[in-house]
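*Asks:* Here is my input; please provide its structure:
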Amino acid sequence: MSAAETLMERIHKDGKINGQIVKVDQFLNHMVDPVLIHLLGDDLAARFSQYPITKILTAETSGIMLAQAVALKLQVPFVYAKKKRPITMPEYFAAASYSFTKQESTTLYVSKEVLHREDQVLFVDDFFAKGSTLKAIEEIIGQCGASLVGAAVIINKSQRTDIESILTLDDLHSAVSGSE
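*Replies:* As a prediction, the model looks like this:
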């Protein structure tokens, strides 16, 4: 069974789809099924295996598990942008992001010690919705002078076709309407 089929089956079993809201907290972003995460990570990594990626970049917290799975498969380090700047990070890149799920703005921070001008970066996250997190990541990558190679997510809730995803919101809605 493919990663998309496995994910769809799991959403039907343990998740819920309500318009733009996809509830997957029993297996993806609260309690995590590590076997599923690795299957999804392997699928997304395969899509970028021919690119010269040097770093995976995600935002704290829900993207971390997927970023680790993709990084492991591609054998590159992953970095997660922190939502609070620790005192051990005196020099950093920063950009604002708005979470529609949490209804709050936050600033993402990446240490200048871990992201460099020569890096070829793949952005990885659990969902792509309105693009606020990716916009902040693009801003951080721009501040650094690195290059963004692409973006990969588990579920793309937008109509953007340049975001690699396991499933789209249209896939989920088609499956729900097809099973009724």
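
*Asks:* Now do the helices in the chain.
*Replies:* In the chain, the helices defined using DSSP state H lie at 3-14, 34-47, 64-74, 132-144, 169-178.

*Asks:* any idea which of those is most buried?
*Replies:* helix 64-74 (a mean of 22; mean count of other CB atoms under 10 Å). Using the backbone N, CA and C atoms, a C-beta is placed for each residue, glycine as well.

*Asks:* So which elements touch it?
*Replies:* Under the contact criterion of 3 or more CB pairs under 8 Å, 6 or more residues apart in numbering; DSSP states H and E, helix 64-74 touches helix 34-47, strand 55-59, strand 78-81, strand 120-128.

*Asks:* To Glu5, which of these lies closest?
*Replies:* The closest of the helices and strands packed on helix 64-74 to Glu5 is helix 34-47. By CB to CB, the value is 10.3 Å.

*Asks:* Low-confidence regions, this structure specifically.
*Replies:* The chain contains residues with pLDDT under 70 at 101, 176-180.

*Asks:* Would you point out which residue is most central in it?
*Replies:* Asp125 (0.6 Å; CA atoms, centre = their mean).

*Asks:* What about the closest residue to it other than its chain neighbours, how many residues nearby?
*Replies:* Of all residues not flanking Asp125 in the chain, Gly63 sits nearest, at 4.0 Å (CB to CB, 6 or more residues apart in numbering). Neighbour count of Gly63, defined by other CB atoms under 10 Å: 26.

*Asks:* Need phi/psi at Gly63.
*Replies:* Here is the backbone geometry of Gly63 (degrees, to the nearest 10): phi -80, psi -10.
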